[in-house]
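J.: Build me a structure from this.
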Amino acid sequence: MPPYMSSGGLFSASGTHGAGVYGSASGGFGSGVYGYASSSSGTNRGVYGRTSSSDGYAGYFQGGKNYFEGNVGIGTTSPDGGLHIVGSGWPKSFVILDADGGNYDAGIRLSNNGEPKHHIFNANDLGDALRIAPEGNYSSGGITLKQTGNVGIGTTSPGAKLDVTGADPNVIIRGTNTNSGDLINYGGHFTASGERGRGIYGEATHTGTYPFVPNYGGYFVAKSRKGIGVYGTVQNDLCEDGYCDPYGGYFEATSGGAGTGVYAEGAYTGVKGVGWDTGGSFVSTGTSGSWNFGVRATTNSSTGYAGYFKGGRNYFEGSVGIGTEDPVGLLDVNGSIYQRGSVLHADYVFEPGYELESIDEHSDFMWNEKHLPAIPKTELDENGREILEVGAHRRGIVEELEKAHIYIEQLHKRIEEMEIKLVKLEEVLGAVQ
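T.: Numbering: from 1, shown residues only. The predicted structure is shown next:
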């Protein structure tokens, strides 16, 4: 015993299996050994046990229960909590809970005022998976971490690195940006580095009947001035073999009835795609039925746009219907068509400064060039098909029609003059006779 320590009694055992102090109590409230340090200050000890053997026990308590009032320190004389462990790595800094054989689980139960709330335990029957489960749903609820690294929420058999299952498996990922300015804020940033990896993969399966309830493989909302519900980028500089087909985002609907690959709502932009080659690629793989949509967009605003395409060119393969869902030609418009342009009418032929060619000049050009002067000559595309600019062609037709009316007026006046001369000639001939 250190020389600065006082002791009510000093007991020592030198044998291999000896006990420095051994106490036995047979009464209902007796104490086999009772130690009390009466000083109210200093580092005194009610009971002090020590062993010099690495296999021995400084204190050995067997059977019944053990009660400690106040903080308990292991490896520290200044515990800051009910149980405070300090060690220098494995195994001293670890708490080891070991189920004693059989199909038993080792774990921790968390309670509040004596009422069990949660369990953290090793699930022996699930291949030694780590389970975090609430008291009311001990067997299947909560979170499961398998030995493979897969994590399940609402399922004890996760089939992917993160598998969320349940009647209402909502997953919310929020990103917070406290910086000033127009910095972009992401709810989640996902990266796939594999050759055929997917940053986000969503699948919605619906087996019900009409009317269908919306079912989403992924539902993303951006609620900020510069927010992005889903942001996908493509790195296309890895195509050493000359073939690549990467996607910033890939969404597929395999529902046989009314699947939706992408559904997006936004105050300004539901879906925005930016790409060196393709900003967004949308495919409907259904081969029959009228409810297969590569892209389907709807707006409830009378001044909004269900689709907004800006810059460059737009290509549509197949029939296009405007105001009709059953186009009978490549372009079928059910309703009025308005065209805006620099010059769409030909009323300039009536202006005083317009130089109208004579009928003979007009006739010579028409027969020599094989088309009317104001109507563009026939043009062919790279496949030998005729093409025309509708506005210029229509304006040319109107110009030729208005010039024809001017020619008709000119001819009409000449005919009137000739009729007057003819009447006078007839009068002269009648007088001669």
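J.: List the buried residues for the longest strand anywhere in the chain?
T.: In the chain, taking DSSP state E as the definition, the longest strand is strand 115-123. Buried positions in strand 115-123, judged by neighbour count with 16 or more other Cβ atoms under 10 Å: 119, 121-123. For glycine as for every other residue, the C-beta is placed from the backbone atoms N, C-alpha and C.
J.: Turn those residues into TSV, columns for distance to Ser39 and pLDDT.
T.: Output for those, formatted as TSV (distance: Cβ to Cβ, whole Å; pLDDT from 0 to 100):
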residue	distance to Ser39	pLDDT
His119	42	90
Phe121	43	90
Asn122	45	90
Ala123	49	88
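J.: about what we covered before: can you name every helix or strand that the longest strand of the chain contacts?
T.: In terms of contacts (3 or more Cβ pairs under 8 Å, 6 or more residues apart in numbering; DSSP states H and E), strand 115-123 is packed against strand 107-112, strand 129-134.
J.: What angle do strand 107-112 and the last one make with each other?
T.: Just to be clear, that refers to strand 129-134. Strand 129-134 and strand 107-112 are oriented at 10 degrees to each other (axes from the mean of the first three to the mean of the last three Cα atoms, to 10 degrees).
J.: pLDDT of strand 129-134, averaged?
T.: The pLDDT scores in strand 129-134 average 91.
J.: The very next helix or strand once past it pairs with which strands?
T.: Using DSSP states H and E, the helix or strand that follows strand 129-134 in sequence is strand 143-145. When pairs are called by DSSP bridges, strand 143-145 turns out to pair with strand 129-134 (antiparallel), strand 151-153 (antiparallel).
J.: buried stuff in the shortest one?
T.: What it means is strand 151-153. Buried residues in strand 151-153, counting neighbours by 16+ other Cβ under 10 Å, are found at 151-153.
J.: Would you confirm that Lys377 contacts Ile387?
T.: No - if you go by Cβ atoms under 8 Å, Lys377 and Ile387 don't touch, sitting 11.6 Å apart.
J.: burial measure for the closest residue to Gly142 other than its chain neighbours, as a count.
T.: Excluding the flanking residues, the one nearest Gly142 by Cβ to Cβ, 6 or more residues apart in numbering is Ala133, at 3.5 Å. For Ala133, the tally of surrounding residues (other Cβ atoms under 10 Å) stands at 20.
J.: which sections of the stretch 251-400 of the chain are below the confidence cut-off?
T.: Applying pLDDT under 70 to the stretch 251-400 of the chain picks out residues 251-294.
J.: Helices of that one, residue ranges please.
T.: Along the stretch 251-400 of the chain, the stretches classed as helices by DSSP state H, counting those that start in this stretch are 359-369, 390-432.
J.: Tyr104: which of these is closest?
T.: Tyr104 sits nearest to helix 390-432 of all the helices of the stretch 251-400 of the chain, at 81.7 Å, using Cβ to Cβ.
J.: list the contacts for the closest residue to Phe365 other than its chain neighbours?
T.: Closest residue to Phe365 apart from its sequence neighbours, by Cβ to Cβ, 6+ apart: Pro373 at 5.1 Å. Going by Cβ atoms under 8 Å, 6 or more residues apart in numbering, Pro373 touches 357, 362, 365-366, 400.
J.: What of Asp347?
T.: Asp347 sits next to Glu402 when contact means Cβ under 8 Å, 6+ apart.
J.: what's the most buried one of the helices and strands packed on strand 115-123?
T.: Across the helices and strands packed on strand 115-123, averaging neighbours per residue (mean count of other Cβ atoms under 10 Å) puts strand 129-134 on top, at a mean of 18.
J.: quick one: contacts of it?
T.: By Cβ under 8 Å, 6+ apart, the residues outside strand 129-134 that reach it are 107, 117-123, 139, 141-147, 156.
J.: Let me see the ranges of the strands in the stretch 251-400 of the chain.
T.: In the stretch 251-400 of the chain, strands defined by DSSP state E, counting those that start in this stretch lie at 320-322, 331-333, 379-380, 386-387, listed in chain order.
J.: Including mean neighbour count, could the ones you listed go into JSON lines?
T.: Shown next, in JSON lines, are the strands of the stretch 251-400 of the chain (neighbours: other Cβ atoms under 10 Å):
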{"stretch": "strand 320-322", "mean neighbour count": "13"}
{"stretch": "strand 331-333", "mean neighbour count": "13"}
{"stretch": "strand 379-380", "mean neighbour count": "10"}
{"stretch": "strand 386-387", "mean neighbour count": "9"}
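J.: mind giving me TSV with those and columns for distance to Glu69?
T.: Output for the strands of the stretch 251-400 of the chain, formatted as TSV (distance: least, Cβ to Cβ, whole Å):
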stretch	distance to Glu69
strand 320-322	82
strand 331-333	87
strand 379-380	99
strand 386-387	95
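J.: Show the end-to-end separation of stretch 121-136, please.
T.: Counting by Cα to Cα, to the nearest Å, you get 15 Å between the two ends of stretch 121-136.
J.: Same question for stretch 327-337.
T.: 16 Å.
J.: Now do the buried residues in that stretch.
T.: Pro327.
J.: Might you report the residue contacts of the nearest residue in space to Ile406 that is not next to it in sequence?
T.: Nearest non-adjacent residue to Ile406, counting by Cβ to Cβ, 6+ apart: Leu356, 6.4 Å away. By Cβ under 8 Å, 6+ apart, the contact list for Leu356 reads 349, 403, 406.
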